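>>> attaching a predicted model along with its sequence, questions to come.
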Amino acid sequence: MQKKLRDMITADCQEVVGSSPEALDRLRNRLLYVTGGTGFVGTWIAELVCYLNERHDFGTRLILLGRDLDAFRKKAPHLAEKPEIQLVSSDVRDVIDLPAEVDYIIHAAATPDNRQHMSNPVAVMDSITRGTATILDAAMNLPHLAKILNISSGQVYGRQFSAGSAITEETVGALPCNSITSVYPGAKRYAETLCCAYWSSCKLPIVTARPFAFMGPYQSLDKPWAINNFIRDALTDNTIRIVSDGMPVRSYMYPSDMAYWLLRMLVDGTSGMAYNLGSPYGITLGDLAEKVKQYSSMVSDVVVKGMHEDNSVFVPDQGLVSSTLGLEIKVPIDETLKRSLRWFRETVKR
């Protein structure tokens, strides 16, 4: 990876850690096991842990479990070469035993890419449900397990339409069981319930994070999400097209905030609890597209096709994580877009 890109990541990590690395002191000289460790979430966890090791002598080790190690080595060669990182090639469903010295587990093995949910729904559901059960069973044998962080999804809340209302951890929404769109959130709901059962009956220390939407380094512009398409079109000087009326409200969290929040939830989260993971600052897709156009200095237009009305809202409430864990957003939406555009300009041209 270019030094310029590495310096960007280092600055991002420095910003979220600040002058208070002691908030993550429980990770010092510990071993973290991360399923889905070579994906977007796992890569950022690795970046932040390596920053803590290099700048604050944490001595934290990582085992990253993933199915495509070659892609990870290509994406983040500097991480793949780190002595504190061990890469393990495996499907999460095939895990039998975990190393006895594992202290913390972050279970992030799943894809939010809805193209895979549609094309291979049975495999997606099996990976989430059986994969979660496999990891929890293996964790039962760890002699000094401190905490498991289960990565769920904000989609478990169902589709929300209350304009101006952020989604709290107590929000209950319906999922249509006879719709293919429920494959991913339905499986995530089951996985959360399974974690609750292991916490209740087996006393496993488990915390759940419910991610919303993100944008920043290590994401792929080929993903089927609006902001990824907006940035891709802006950088290639193509027209930004919005299929709907431009009124859906979304929020976007920068990944350094995401990684820091996840580690804080891991060490300080209360077992049995679920926490929202995302920015509480909503923006319509129409306004988002205009900001992308502005910050990219593109010369083509934003076109709102208006093929259908959409008043859906996907914005988390921050109240619980703020009051109990003291977490706040460090990177606002405008800075998120500027940094993302800088990153993708560098990576697209490589």
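Nice, I can see it. Numbers count the residues shown, from 1 in each chain.
>>> all strands for the stretch 51-200 of the chain, in order.
61-66, 85-89, 104-107, 147-151 (DSSP state E, counting those that start in this stretch).
>>> contacting residues for the nearest residue to residue 306 once chain neighbours are set aside?
Among residues not flanking residue 306 along the chain, residue 245 sits closest, at 4.8 Å (CB to CB, 6 or more residues apart in numbering). Using the backbone N, CA and C atoms, a C-beta is placed for each residue, glycine as well. For residue 245, the contact set (CB atoms under 8 Å, 6 or more residues apart in numbering) comprises 286, 304, 306, 308-310.
>>> do that again at 10 Å, thanks
Residue 245 makes contacts with 284-286, 304-311, as judged by CB atoms under 10 Å, 6 or more residues apart in numbering.
>>> tell me the secondary structure for the closest residue to residue 104 other than its chain neighbours?
Computed as CB to CB, 6+ apart, the closest residue to residue 104 that is not its neighbour in sequence is residue 32, at 4.7 Å. Three-state call for residue 32 (DSSP: H, G, I helix; E, B strand; the rest coil): strand.
>>> repeat for residue 276
Going by three-state DSSP: residue 276 is strand.
>>> and the gap between the nearest residue to residue 133 once chain neighbours are set aside and residue 129?
For residue 133, ignoring the flanking residues on the chain, the nearest one in space by CB to CB, 6+ apart is residue 194 at 6.2 Å. The gap separating residue 194 from residue 129 is 7 Å, by CB to CB, to the nearest Å.
>>> so for stretch 328-342, mean pLDDT?
Averaged across stretch 328-342, pLDDT comes to 97.
>>> where does the stretch 151-300 of the chain have low pLDDT?
161-164 (pLDDT under 70).
>>> next one: the stretch 1-150 of the chain
In the stretch 1-150 of the chain (pLDDT under 70), the answer is 1.
>>> so what's the residue in the chain sticking out farthest from the centre up against?
Here the chain reaches farthest from its C-alpha mean at residue 299, the gap being 31.9 Å by CA atoms, centre = their mean. Shown in contact with residue 299 (CB under 10 Å, 6+ apart): 237, 293.
>>> 7 Å instead, please
Contact partners of residue 299, counting by CB atoms under 7 Å, 6 or more residues apart in numbering, are residue 237.
>>> just residue 221 next, same as before
228, 231-232, 344.
>>> as a markdown table, these with distance to residue 202, neighbour count and secondary structure would be great.
Compiled in a markdown table, the contacts of residue 221 are given as follows (distance: CB to CB, whole Å; neighbours: other CB atoms under 10 Å; DSSP: H, G, I helix; E, B strand; the rest coil):
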| residue | distance to residue 202 | neighbour count | secondary structure |
| --- | --- | --- | --- |
| 228 | 39 | 17 | helix |
| 231 | 44 | 24 | helix |
| 232 | 45 | 18 | helix |
| 344 | 44 | 22 | helix |
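>>> which residues in the stretch 201-350 of the chain form strands?
With DSSP E, counting those that start in this stretch as the criterion, the stretch 201-350 of the chain has strands spanning 206-211, 240-242, 249-250, 274-277, 283-284, 302-304, 313-314.
>>> and the ones you listed as JSON lines, adding distance to residue 150 and mean neighbour count?
Below are the strands of the stretch 201-350 of the chain laid out as JSON lines (distance: least, CB to CB, whole Å; neighbours: other CB atoms under 10 Å):
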{"stretch": "strand 206-211", "distance to residue 150": "5", "mean neighbour count": "24"}
{"stretch": "strand 240-242", "distance to residue 150": "34", "mean neighbour count": "21"}
{"stretch": "strand 249-250", "distance to residue 150": "24", "mean neighbour count": "22"}
{"stretch": "strand 274-277", "distance to residue 150": "9", "mean neighbour count": "24"}
{"stretch": "strand 283-284", "distance to residue 150": "28", "mean neighbour count": "20"}
{"stretch": "strand 302-304", "distance to residue 150": "38", "mean neighbour count": "17"}
{"stretch": "strand 313-314", "distance to residue 150": "20", "mean neighbour count": "20"}
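>>> all set now, cheers.
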